[in-house]
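**Student:** just need the structure, nothing else, for what follows:
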Amino acid sequence: MADSSINRQMHPTINSQLGLQNGLPNGLSESSNAGKILIAASGTGGHLFPAIATAEHLSDYDIEWLGVPNRLETELVPARYPLHLIRMGGVQGRLGIGSLKLLLQLVRSTLHVRYLLKKNDFQGVFTTGGYIAAPAIVAARSLGLPTILHESNALPGKVTRWLSRGCSLVALGFQEAAKHLPEAKTLCVGTPVRSQFFSTLQSDLSNISIPSGVPVILVVGGSQGAVAVNQRVRAAAPAWFEAGAWVIHQTGSNDPDVDSLSHPQYIHRPFYSDMAALLNRANLVIGRAGAGTLTELAMAQTPSILIPYPFAAEDHQAYNAAVFADVGAAIVEPQETLTVDRLQAQVLRLLQDPEQLDKMAYAAGKLAVKDSAQQLAEHIRQLMVKY
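**Tutor:** This next block holds a predicted model:
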């Protein structure tokens with residue numbers, strides 16, 4: 001395949017489009033103070049990163065964080081914001097003894113958060129969902145404080161569905177989520193992305209040497225449930241190499257076959273820190289369909305083959321993937337029916353059809369809300385001012 005058959009374009013600088021100065025909204029300084037907000041976000045990057053991105057645009061407020069012990073927030077948050085920890089678990093399986101223990105935990109955590117909100121004179125709560133949202137929302141509403149919840153998935157999580165009606169606003173990553181929340185006040189703002197993503201989108205790839213002009217397939221399985229994707233990719237890759245493609249593979253940290261494939265056109269690591277630049281360089285991405293991944297695909301305008309994680313809660317990744325498939329931004333392949341031969345053929349077909357890749361890239365870009373964090377921060381600010 002000729003090198004010129006696929007030509008990804010570099011994207012313009014986005015910070016200037018968003019009105020950012022050092023990652024902060026224009027006109028705001030770190031010393032300004034409009035009050036105090038408690039942000040409840042815990043567990044995975046899908047919950048934490050949108051919350052951090054939004055917090056970057058709320059620099060006129062004192063922000064404190066609500067989290068859970070031994071989760072990702074204990075590593076990412078303390079250097080930025082004061083972190084308060086509570087013990088809170090999620091709903092698993094059918095009701096039983098475990099559910100009673102969870103209810104008791106919810107009551108204790110809610111009283112803890114209520115005391116925290118009153119003692120420290122918070123003006124309101126912002127949360128990105130998950131089980132930590134429950135005590136935060138209930139405590140805030142019991143005090144009459146405004147509560148803003150952001151739901152990034154096309155199928156809202158259980159906590160969002162149960163408690164959304166009590167929130168001042170439910171901000172959505174996908175408009176499709178609104179139909180599952182008929183009694184809530186909803187507004188689609190997209191899913192916030194940290195300012196670092198935009199600032200590194202055009203960066204040179206560090207420590208990765210790839211010839212210019214060659215097609216690049218980026219595989220993003222992640223650590224959760226990536227093994228099945230990794231196995232299929234490695235089995236299919238030789239045909240892609242023969243077609244002139246390079247494969248950059250983020251394997252995750254739990255891959256037992258990590259060293260089973262060696263080829264000059266194959267580069268693999270557990271994780272990549274320069275994901276924005278990789279997405280910008282890639283001609284095609286193979287990956288899961290978490291809301292965070294899809295948001296970054298849209299921002300980078302990268303075509304994709306999506307393989308939803310089949311064990312995600314309530315199969316929500318399939319709902320996310322359907323949003324991209326419906327507009328032509330991605331091809332969705334259920335893991336249970338995806339054979340090596342099918343994956344191999346799909347990729348080769350796309351690499352040989354640059355016009356379709358261009359159409360997919362354009363469709364992905366149409367889904368991007370580049371000022372999502374700004375929009376969400378402004379709605380939070382307006383609700384806090386009303387209070």
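**Student:** ok now the longest helix along the chain, how far from the chain's centre?
**Tutor:** Scanning the chain for the helix with the most residues, using DSSP state H, yields helix 97-119. Between the centre of helix 97-119 and the centre of its chain there are 28 Å (Cα atoms, centre = their mean, to the nearest Å).
**Student:** what comes into contact with it?
**Tutor:** 38, 40, 66, 84, 86-89, 91-92, 122, 125, 134-136, 138-140, 142-143, 145 (Cβ atoms under 8 Å, 6 or more residues apart in numbering). Quick note: C-beta positions are derived from backbone N, CA and C, even for glycine.
**Student:** okay, buried residues for it please.
**Tutor:** 102, 105, 106, 109, 110, 112, 113, 114, 116, 117 (16 or more other Cβ atoms under 10 Å).
**Student:** now stretch 228-246: mean pLDDT?
**Tutor:** Average pLDDT, stretch 228-246: 97.
**Student:** return the backbone torsion pair for residue 367.
**Tutor:** Here is the backbone geometry of residue 367 (degrees, to the nearest 10): phi -80, psi -10.
**Student:** could you say which helix or strand holds the closest residue to it other than its chain neighbours?
**Tutor:** Counting by Cβ to Cβ, 6 or more residues apart in numbering, residue 367 lies nearest to residue 298, which is 4.3 Å off, once chain neighbours are set aside. Element membership of residue 298, judged by DSSP states H and E, is helix 291-300.
**Student:** please compute how far the next helix or strand after that helix lies from its chain's middle.
**Tutor:** Scanning forward in sequence from helix 291-300 by DSSP H and E, the next helix or strand is strand 304-306. Strand 304-306 sits 16 Å away from the centroid of its parent chain (Cα atoms, centre = their mean).
**Student:** what's strand 304-306 packed up against?
**Tutor:** strand 284-287, helix 316-326, strand 330-332, helix 340-351 (3 or more Cβ pairs under 8 Å, 6 or more residues apart in numbering; DSSP states H and E).
**Student:** buried deepest among these, which one?
**Tutor:** Sort the helices and strands packed on strand 304-306 by mean neighbour count, taking mean count of other Cβ atoms under 10 Å, and strand 284-287 sits at the top with a mean of 25.
**Student:** and the contacts of that one?
**Tutor:** 215-222, 229, 233, 279, 293, 297, 302-307, 343, 347, 350-351, 357.
**Student:** next, residue 63: phi, psi?
**Tutor:** Torsion angles, degrees, to the nearest 10, at residue 63: phi -110, psi 130.
**Student:** and if you look at residue 197?
**Tutor:** The phi/psi pair for residue 197 (degrees, to the nearest 10) is phi -60, psi -50.
**Student:** the residue nearest to it when sequence neighbours are not counted: how many residues sit nearby?
**Tutor:** Spatial nearest neighbour of residue 197, excluding adjacent residues (Cβ to Cβ, 6+ apart): residue 276 at 4.8 Å. Residues lying near residue 276 (other Cβ atoms under 10 Å) number 23.
**Student:** how close does residue 276 sit to residue 231?
**Tutor:** 27 Å (Cβ to Cβ, to the nearest Å).
**Student:** same deal with residue 168?
**Tutor:** As judged by Cβ to Cβ, residue 168 and residue 231 stand 46 Å apart.
**Student:** any idea how far stretch 256-275 is from the chain center?
**Tutor:** A distance of 22 Å separates the centroid of the chain from that of stretch 256-275, by Cα atoms, centre = their mean.
**Student:** end-to-end on it?
**Tutor:** 23 Å (Cα to Cα, to the nearest Å).
**Student:** ok, and what's touching it?
**Tutor:** Contacts of stretch 256-275 (Cβ under 8 Å, 6+ apart): 197, 200, 203, 205-206, 208, 210, 220, 223, 227, 230-231, 234, 237-238, 241, 245-253, 255, 278, 296.
**Student:** how about the contacts made by residue 54?
**Tutor:** 39, 126, 150, 192, 373, 376, 377, 380.
**Student:** tell me the secondary structure at the second one.
**Tutor:** To tie it back to what came earlier, the one meant is residue 126. Three-state call for residue 126 (DSSP: H, G, I helix; E, B strand; the rest coil): strand.
**Student:** count the neighbours of it for me.
**Tutor:** 31.
**Student:** so residue 151 sits against residue 169, correct?
**Tutor:** No. When contacts are counted by Cβ atoms under 8 Å, residue 151 is not listed as touching residue 169 (10.9 Å).
**Student:** out of the two, which sits in the more crowded spot?
**Tutor:** Set residue 151 next to residue 169 and count neighbours by other Cβ under 10 Å: residue 151 wins out with 30 against 22.
**Student:** how near is the residue lying closest to the more buried one once chain neighbours are set aside to residue 127?
**Tutor:** Spatial nearest neighbour of residue 151, chain neighbours left out: residue 160 (4.7 Å); criterion: Cβ to Cβ, 6+ apart. Residue 160 sits 9 Å away from residue 127, taking Cβ to Cβ as the criterion.
**Student:** joint contacts of these two?
**Tutor:** 133, 149.
**Student:** now the helices for this structure?
**Tutor:** Under the criterion DSSP H, the chain contains helices at 15-18, 45-55, 73-76, 97-119, 133-142, 158-163, 195-200, 227-242, 275-281, 291-300, 316-326, 340-351, 354-366, 372-386.
**Student:** wait, which of those is closest to residue 181?
**Tutor:** Closest of the helices of the chain to residue 181 is helix 158-163, at 6.7 Å (criterion: Cβ to Cβ).
**Student:** buried residues, that closest one. List them.
**Tutor:** Buried-residue list, helix 158-163, by 16+ other Cβ under 10 Å: 159, 160, 161, 163.
**Student:** need the contact list for the last one.
**Tutor:** When the contact criterion is Cβ under 8 Å, 6+ apart, the partners of residue 163 are 133, 134, 137, 138, 149.
**Student:** what's across from residue 305 in the sheet?
**Tutor:** residue 286, residue 331 (DSSP bridges).
**Student:** how near is it to residue 249?
**Tutor:** Applying Cβ to Cβ to residue 305 and residue 249 gives a distance of 14 Å.
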